[in-house]
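> here are the coordinates; sequence isn't available:
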């Protein structure tokens, strides 16, 4: 029996971008746990990372749920609203600011304290 109301999941996760970079994809699978405790497949959404600009602000988008790979069923499975955002983390390997912070220069912390004191 189908639910008359919309179902909301407020799931959140962090995933590291694989070494494949933007040729990778994130696959989300929606399941329904029935009264026997068995997970029933509702649908899946594949999100290629190449479809996203990591400089943009996170935004939500509705994606249609698809059938399992290899199946070509045309019945409507529902939609999944997904919000994708990227956090860019500096790395020593690419010369990011992490390496700059590790080298403590004389007077740098007192300069920061003076600025913070002026701000409030």
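Arrived safely, thanks for sending. Remember, it's a predicted structure, so these values are computed and weren't measured experimentally. Numbers count the residues shown, from 1 in each chain.

> quick one, what contacts residue 46?
Residue 46 is in contact with 25, 26, 27, 66, counting by Cβ atoms under 8 Å, 6 or more residues apart in numbering. (C-beta placed from N, C-alpha, C; glycine too.)

> hmm, who's touching stretch 57-73?
With Cβ under 8 Å, 6+ apart, stretch 57-73 has contacts from 30, 41-47, 77-86.

> So which bits of it are buried?
residue 65 (16 or more other Cβ atoms under 10 Å).

> try stretch 75-82
77, 80.

> Give me the mean pLDDT for that stretch.
Mean per-residue pLDDT for stretch 75-82: 88.

> Can you pull out the residues in contact with it?
Outside stretch 75-82, the residues that reach it (Cβ under 8 Å, 6+ apart) are 28, 30, 42-43, 45, 47, 60-67.

> try it again with 7 Å
28, 30, 42-43, 45, 47, 60-65, 67 (Cβ atoms under 7 Å, 6 or more residues apart in numbering).

> give the contact list for residue 18.
Going by Cβ under 7 Å, 6+ apart, residue 18 touches residue 24.

> Now that we're looking at it, what pLDDT does it have?
On the pLDDT scale, residue 18 is placed at 72.

> now residue 47
Reported pLDDT for residue 47: 91.

> which residues touch it?
Neighbours of residue 47 in contact, by Cβ under 7 Å, 6+ apart: 25, 26, 82, 84.

> So the last one is in contact with residue 52, correct?
This points to residue 84. Yes: judged on Cβ atoms under 7 Å, residue 84 makes contact with residue 52 at a distance of 5.8 Å.

> What strands line up against the helix or strand where residue 82 lies, and which way round?
Element membership for residue 82 (DSSP states H and E) is strand 79-84. Applying DSSP bridges, strand 79-84 is found paired with strand 59-64 (antiparallel).

> farthest-separated two in the contacts of stretch 75-82?
Largest separation among the contacts of stretch 75-82 by Cβ to Cβ: 60 and 67, giving 23.5 Å.
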